[in-house]
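# Turn this into a model:
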Amino acid sequence: MQRLTALLIALLPFFATPASAQHNTQDRAGEFDSYLLALSWIPAYCAMDGDDRDDPRCRDGAGLGWAVHGLWPQYDDGSWPEYCATTQRDPSRRETTEQSPLFGTSGSAWHQWNKHGRCTGLSAANYYRLVQTAVDSIALPEVFGGINRELSVDPNVVEAAFIEANPDLTPDRIVTSCPRGEMVELRVCLNRSLEPEDCAPALTRRECSRSSAVFLPVR
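Below you'll find the predicted structure:
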């Protein structure tokens with residue numbers, strides 16, 4: 001019983017009341033409306049940033065396509081809290097190193113906690129577990145694993161592939177990102193229970209609006 005009570009206390013911020021539309025400029029841990037699960041197309045991430053970070057996911061032969069970027073608390077107005085003050089302690093170097101398989105590097109694991117995880121109100125350990133749960137809830141379309149040369153693809157086709165693999169998804173629950181003409185990310189809108197929900201209108205305005213985006217090949 002004591003263990004169950006401790007677990008409920010640890011997860012209490014996760015089930016807390018969502019933030020109101022008029023949130024404070026001083027971001028507070030646990031006060032937000034929903035989550036955004038960001039999945040990066042790793043070849044594009046590597047070309048933009050990952051190679052400079054010496055991310056092992058960028059090495060030749062890694063064979064990675066879609067992988068998690070982060071799980072981010074969101075407000076309904078399209079903004080988001082970040083770097084929130086929290087009573088939870090920061091993760092140790094050992095704890096962030098243990099998250100390297102999920103985030104690519106321990107530095108990325110630390111960054112996701114520092115900027116976004118603090119704002120959930122959870123402990124670092126529970127935040128990392130929450131990210132893994134969110135990732136595991138989304139099936140990654142197998143069709144992308146065979147991309148071995150540069151391709152131009154309609155973003156709608158990318159969304160359709162995810163919807164086919166995940167019946168709970170719809171075009172209104174997905175946002176693609178291609179800022180330089182390359183497919184960089186696909187983001188899934190989730191409620192606080194990690195169930196897919198329609199994205200806020202302010203968020204969908206940032207989606208990829210090109211008729212085609214470049215897919216860099218899997219390494």
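
# Could you check how far Thr120 is from Phe103?
Counting by C-beta to C-beta, to the nearest Å, the gap from Thr120 to Phe103 is 16 Å. For glycine as for every other residue, the C-beta is placed from the backbone atoms N, C-alpha and C.

# Tell me the secondary structure at the closest residue to Ser40 other than its chain neighbours.
Leaving aside its sequence neighbours, Ser40 sits nearest to His69 (C-beta to C-beta, 6 or more residues apart in numbering; 4.3 Å). Under DSSP: H, G, I helix; E, B strand; the rest coil, His69 falls in the strand class.

# Could I get the pLDDT score of His69?
Here, the pLDDT recorded for His69 equals 96.

# list the contacts for it?
38-40, 45, 185 (C-beta atoms under 8 Å, 6 or more residues apart in numbering).

# which SS class is Arg57?
helix.

# ugh, wrong one, Ala125
Applying three-state DSSP: Ala125 is helix.

# Quick one: the strands in the protein, in order.
For the chain, the strands defined by DSSP state E occupy 34-41, 66-74, 151-153, 174-177, 185-190, 213-215.

# Save those as CSV, and put in distance to Asp136 too.
What follows is the strands of the chain, written out as CSV (distance: least, C-beta to C-beta, whole Å):
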stretch, distance to Asp136
strand 34-41, 11
strand 66-74, 10
strand 151-153, 25
strand 174-177, 18
strand 185-190, 13
strand 213-215, 24
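
# Nearest approach to Asn166 belongs to which of the ones you listed?
Of all these, the one in closest proximity to Asn166, counting by C-beta to C-beta, is strand 185-190 (8.4 Å).

# now the angle between strand 66-74 and that closest one, please.
Relative orientation of strand 185-190 with respect to strand 66-74: 50 degrees, computed using axes from the mean of the first three to the mean of the last three C-alpha atoms, to 10 degrees.

# Many thanks, have a good one.
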